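[1] Following is a predicted model, sequence given first.
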Amino acid sequence: EVREINALLVVTSERLETESNRANAPERRALEYFNLLRQATEGRDRAEQEAARLHEELKLYKLQFDNAQKEIFRAQDIINQVSTQKNEAQAEAARARTKARKLHGERMVMIAHEEGRHCGYKE
């Protein structure tokens, strides 16, 4: 009878272990799924944080680009103004040279007339 009880105890112990393992398996799977879910959630959170950081960085780059573009437009306006002033100055210089040549020619004619008169008086 002790042997039967021991055999029954062994069978019962094995059955208890089997049932415990069977009962623990879903719990282990649930724990694995929970860990996977936690990792996925953490990954999603990191991705969202990175996306937000990149979005802010993009806004900063856009602002810098807009400022640089405005500065380029201002510089181009200044270049255009200076170019216009240069063209006007060159045109004015050309008119002044033409006038100077004309005045020089008229002066040379006047000097020649004076010399002619002076020579005429001497004769």
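    Arrived safely, thanks for sending. As the structure is a computational prediction, the values presented were derived from the model and not from experiment.
[2] ok, and the residue nearest the centre of the chain, which helix or strand is that part of?
    In the chain, the residue lying closest to the centroid (Cα atoms, centre = their mean) is Y61, at 3.8 Å. Y61 is part of helix 2-122 when elements are defined by DSSP states H and E.
[3] and that helix, what's its mean pLDDT?
    Here helix 2-122 scores 94 as its mean pLDDT.
[4] tell me what that helix is packed against?
    Helices and strands touching helix 2-122, by 3 or more Cβ pairs under 8 Å, 6 or more residues apart in numbering; DSSP states H and E: there are none. Glycine gets a C-beta too; all of them are placed from N, C-alpha and C.
[5] Residues touching stretch 101-121, excluding its own?
    By Cβ atoms under 8 Å, 6 or more residues apart in numbering, no residue outside stretch 101-121 reaches it.
[6] Off-centre distance for it?
    71 Å (Cα atoms, centre = their mean, to the nearest Å).
[7] Quick check: buried residues in it?
    Residues of stretch 101-121 include none that count as buried (16 or more other Cβ atoms under 10 Å).
[8] Alpha carbons only: can I get it in CSV?
    Presented in CSV, the C-alpha positions along stretch 101-121 are these (Å, rounded to 0.1, in the frame of the first residue of the first chain):
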residue,chain,number,x,y,z
ARG,A,101,37.1,118.2,-75.6
LYS,A,102,34.6,120.7,-77.1
LEU,A,103,35.8,123.4,-74.7
HIS,A,104,39.4,122.5,-75.4
GLY,A,105,38.8,122.7,-79.1
GLU,A,106,37.0,126.1,-78.7
ARG,A,107,39.9,127.3,-76.6
MET,A,108,42.4,126.2,-79.2
VAL,A,109,40.4,128.0,-81.9
MET,A,110,40.3,131.1,-79.6
ILE,A,111,44.1,130.9,-79.1
ALA,A,112,44.6,130.5,-82.8
HIS,A,113,42.5,133.6,-83.5
GLU,A,114,44.4,135.5,-80.8
GLU,A,115,47.7,134.4,-82.3
GLY,A,116,46.4,135.3,-85.7
ARG,A,117,45.3,138.7,-84.6
HIS,A,118,48.5,139.2,-82.7
CYS,A,119,50.5,138.3,-85.8
GLY,A,120,48.3,140.5,-87.9
TYR,A,121,48.9,143.5,-85.7
